[in-house]
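Trainee: Using only what follows, build the 3D model:
(2 chains, ligands or ions: 3)
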Amino acid sequence: MKPPPFSYHAPASLPHALSLLAETGSDGKVLAGGQSLIPLLNMRLAAPAHLVDINGITELDRVDTDATGVRVGALARHSRVEADPAAAAAVPLLGQGLRLVAHPVIRNRGTTVGSLAHADPSAEMTAALALLGGSVVAASTDGERTIDVADFFVGPMESSLRTGELLVSAHFPRPPAGSGTAFAELARRHGDYAMCGVAALVTLDQDLRVCAARAAYLSVAPVPLVLDLTEPLAGRPPGTADFAAAGRMTRGRLEPEEDIHATAEYRAHLAEVLTARALREAAQAAIRTSLDPAESAREGAPT
Amino acid sequence: MSEELHEIRLRVNGAVHTATVPARRLLSDCLRHDLGLTGTHVGCEHGVCGACTVRIDGRPMRSCLMFAVTAQAHEITTVEGLAAADGTLHPVQRAFRECHGLQCGFCTPGFLNVAAAYLDDNPDPTEEQAREAIGGNLCRCTGYQNIVRAVLRAAELRRADGMPVPEQAAPEDARTPGDR
Ligand SMILES: Cc1cc2nc3c(=O)[nH]c(=O)nc-3n(C[C@H](O)[C@H](O)[C@H](O)COP(=O)(O)OP(=O)(O)OC[C@H]3O[C@@H](n4cnc5c(N)ncnc54)[C@H](O)[C@@H]3O)c2cc1C
Ligand code: FES
Ligand code: FES
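Mentor: Residues are numbered from 1 along each chain as shown, chains lettered A, B, ... in the order given. Ligands and ions are numbered 1, 2, ... in the order given. Presented below is the predicted three-dimensional model:
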């Protein structure tokens, strides 16, 4: 298994990378961490004529947190995002999801933005961005545009990124006050892509009753699907809320497919069970942050 | 089409090497075939088995998922670089030998690099943490029990050797329950 030949470009600046992508057009591909692209090349499932290696563009290696949330630059490795204390405090879902992405060694190289660009509906970060209603910024020689997550994922491994565009960053918004998040998934082996995964967000009102609940799914739909599950939970304190009923709401609303790891039916069953589990955990996290806002910092604390 | 070649300089185990390679040369193949450093093993070439794991600027990474041309800017450490210059084995190497952490040895270079890097950051792991640390590497022979034991033993040997501990190890209460 060896990659097919390609011409290699290693721009040191963003404008240079964008002009290379404009010149090479549909023959050019971005190389970020390579943790998805190089396996595809090794297996000869992809054969781009040109690779534009962005690993030397240090200005893209950044993670910035402010009142609105966390902006992750294109060259920030999963491990760096996971270890960033300010990011973890603002958006605990990042750390909760990143711990489930492959193994630490893969996270040392793979980038969070690369995983979004790859648009694999089994990738935890696609679900995290969808759940939080985030966005990405794409740049080309024509300028920059911001793409809302709802318009970004088009199908399995397919995004609305255009030829010649580079994703420069992704924005993961801070969840509303009184919210908690959680990730629950099941994989054949620790570190594998999940057979089904659920990211959940629960928001409580001032009386600690559920006022909003939603979940995003991996590996059970062609794109990271988000379902609003508020209805059976609304107005209930987490202690008596019927999370199982919320889990049942997933029936018929997902499009799981069969593969060698799991049947479609089993995936649908997992979605139901994991939804209840993730919502319950998210609600508990919401109680902790509501009672002690400083708790949110510990929720997603890096290890 | 005659393939374009690149003159590259790689810093491996403290020494500078040069090679002439096509851009598609994987770092794993460059180490083995161009530089003759066959201690780095190649199993799956898609990131799953961990046999090819080397350290890039101290951090373990898959050499089968990196191009040699991209690795130029970095300090690369392979299994050949673990022992001291006088041949004294690294604590993880001694521990693997002592605890029978290997049988055929195919997977061992990857495990040694992962364990050495992990212990530099976490000098005193629990058994569960040791298991988690090696979770991304496959071994077809040992059944893992002795590898886990070797990682814990290596931590002891490291401390006995007085190897440096990180400046600020994460306080226990800063860890999340999922990691314990
Ligand atoms: C063994 C193994 C297990 C894994 N398990 C998981 C898992 O459980 N969950 C998970 O989410 N991921 C998993 N991954 C994938 C990993 O998270 C990748 O790092 C990630 O999907 C891609 O990021 P990258 O930086 O490596 O991108 P690359 O491999 O460099 O690129 C992937 C694709 O995105 C494009 N691209 C990358 N960056 C940009 C950009 N800035 N602009 C435009 N296009 C871009 C590339 O052209 C390419 O098409 C696994 C990988 C391996 C090897
Ligand atoms: S050969 Fe690199 S991970 Fe298997
Ligand atoms: S010792 Fe043979 S594969 Fe691990």
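Trainee: in stretch A:190-210, what's buried?
Mentor: Within stretch A:190-210, the residues that count as buried by 16 or more other Cβ atoms under 10 Å in any protein chain shown are A:191-204, A:210. To be clear about C-beta, it is placed using only N, CA and C from the backbone, and glycine gets the same treatment.
Trainee: nearest to B:T108, of the residues you listed?
Mentor: When those are compared for distance to B:T108 (Cβ to Cβ), A:G191 wins out at 19.7 Å.
Trainee: List the ones among the buried residues of stretch A:190-210 that fall in helices.
Mentor: Among the buried residues of stretch A:190-210, DSSP state H puts none in helices.
Trainee: If you tally nearby residues, what's the number for the residue of the stretch 1-150 of chain A found nearest chain B?
Mentor: Using Cβ to the nearest Cβ, the single residue of the stretch 1-150 of chain A nearest to chain B is A:H103, 2.8 Å away. Close neighbours of A:H103, defined as other Cβ atoms under 10 Å in any protein chain shown, add up to 23.
Trainee: In this structure it contacts A:G191, no?
Mentor: Yes: taking contacts as Cβ atoms under 8 Å, A:H103 lies within contact range of A:G191: 4.4 Å.
Trainee: okay, and the common contacts of those two?
Mentor: B:G135, B:G136 (Cβ atoms under 8 Å, 6 or more residues apart in numbering or on different chains).
Trainee: Helices of chain B, start to end?
Mentor: Under DSSP H, chain B gives helices at B:27-29, B:91-98, B:108-121, B:127-133, B:145-160.
Trainee: just so I know, which of these lies nearest ligand 2?
Mentor: Ligand 2 sits nearest to helix B:27-29 of all these, at 6.3 Å, using Cβ to the nearest ligand atom.
Trainee: Give me the residue at the spatial middle of the chain.
Mentor: You didn't pick a chain, so chain A it is. By Cα atoms, centre = their mean, chain A has its centre lying nearest to A:M125, at 1.3 Å.
Trainee: Hmm, no, I was thinking of chain B.
Mentor: B:N113 (2.0 Å).
Trainee: The closest residue to that residue other than its chain neighbours: neighbour count?
Mentor: Using Cβ to Cβ, 6 or more residues apart in numbering or on different chains and skipping the chain neighbours, the partner closest in space to B:N113 is B:T53 (4.9 Å). By the measure other Cβ under 10 Å, the count of residues near B:T53 is 31.
Trainee: Does B:T53 have any beta-bridge partners, and if so which?
Mentor: B:R62 (DSSP bridges).
Trainee: From what I see, it and B:R59 are in contact.
Mentor: No: counting by Cβ under 8 Å, B:T53 sits too far from B:R59 to count as a contact (10.3 Å).
Trainee: Could you look up the next helix or strand downstream of the host helix or strand of the residue nearest to the centre of chain A?
Mentor: In this assignment (DSSP states H and E), A:M125 forms part of helix A:124-132. Moving toward the C-terminus from helix A:124-132, the next helix or strand (DSSP H and E) is strand A:135-140.
Trainee: Next, the angle strand A:135-140 makes with the helix or strand that that following strand is followed by.
Mentor: Remark: after strand A:135-140, the chain's next helix or strand is strand A:143-148, criterion DSSP H and E. For strand A:143-148 against strand A:135-140, the angle by axes from the mean of the first three to the mean of the last three Cα atoms, to 10 degrees is 160 degrees.
Trainee: Against which helices or strands is strand A:143-148 packed?
Mentor: Helices and strands touching strand A:143-148, by 3 or more Cβ pairs under 8 Å, 6 or more residues apart in numbering or on different chains; DSSP states H and E, are strand A:135-140.
Trainee: What distance do you get for the residue in the stretch 51-200 of chain A positioned nearest to ligand 1 to A:A213?
Mentor: Nearest residue of the stretch 51-200 of chain A to ligand 1 (Cβ to the nearest ligand atom) works out as A:G110 at 2.0 Å. According to Cβ to Cβ, to the nearest Å, A:G110 and A:A213 sit 30 Å apart.
Trainee: cool, and B:P60?
Mentor: For B:P60, the distance to A:A213 - Cβ to Cβ - is 39 Å.
Trainee: now swap in A:A246 and tell me
Mentor: 7 Å.
Trainee: Spit out the residues that contact these two alike.
Mentor: Shared contacts of A:A246 and A:A213, counting by Cβ under 8 Å, 6+ apart, come down to A:L229, A:L233, A:L279.
Trainee: and those, which of them are in strands?
Mentor: If you go by DSSP state E, the shared contacts of A:A246 and A:A213 have nothing in strands.
Trainee: and the residue in the stretch 51-200 of chain A that ligand 2 sits nearest to, how many neighbours does it have?
Mentor: With Cβ to the nearest ligand atom, the shortest gap between the stretch 51-200 of chain A and ligand 2 falls at A:V105, namely 8.5 Å. For A:V105, the number of neighbouring residues by other Cβ under 10 Å comes to 28.
Trainee: immediately after the host helix or strand of it, which helix or strand?
Mentor: Here A:V105 sits within helix A:104-107, counting by DSSP H and E. The C-terminal neighbour of helix A:104-107 among helices and strands, as given by DSSP H and E, is helix A:112-118.
Trainee: what domains does the record give for chain B?
Mentor: B:5-81, B:91-161 (automatic domain parsing).
Trainee: I'd like those domains laid out as JSON lines, including mean pLDDT.
Mentor: Below are those laid out as JSON lines (pLDDT from 0 to 100):
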{"stretch": "domain B:5-81", "mean pLDDT": "97"}
{"stretch": "domain B:91-161", "mean pLDDT": "97"}
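Trainee: For the ones you listed, could you give me CSV that also reports distance to ligand 2?
Mentor: Converted to CSV, the domains of chain B look like this (distance: least, Cβ to the nearest ligand atom, whole Å):
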stretch, distance to ligand 2
domain B:5-81, 3
domain B:91-161, 7
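Trainee: of those domains, which approaches ligand 1 most closely?
Mentor: The nearest among the domains of chain B, by Cβ to the nearest ligand atom, is domain B:5-81 at 2.8 Å.
Trainee: quick one: terminal-to-terminal distance for that closest one?
Mentor: 28 Å (Cα to Cα, to the nearest Å).
Trainee: how about a markdown table for the domains of chain B, with distance to A:A150 added?
Mentor: Below are the domains of chain B laid out as a markdown table (distance: least, Cβ to Cβ, whole Å):
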| stretch | distance to A:A150 |
| --- | --- |
| domain B:5-81 | 31 |
| domain B:91-161 | 34 |
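Trainee: mind checking which of these is nearest A:D120?
Mentor: Of the domains of chain B, nearest to A:D120 by Cβ to Cβ is domain B:5-81, at 13.9 Å.
Trainee: near ligand 1, anything from the closest one?
Mentor: Yes: applying Cβ under 6 Å from any ligand atom, one finds domain B:5-81 touching ligand 1 at B:G47, B:V48.
Trainee: Return the distance of that domain from the chain's centre.
Mentor: 11 Å (Cα atoms, centre = their mean, to the nearest Å).
Trainee: Are it and ligand 3 in contact anywhere?
Mentor: No: for domain B:5-81, no contact with ligand 3 is found by Cβ under 6 Å from any ligand atom; the gap never falls below 8.0 Å.
Trainee: and A:E255, that's in a helix?
Mentor: No: assessed with DSSP: H, G, I helix; E, B strand; the rest coil, A:E255 is coil; it does not lie in a helix.
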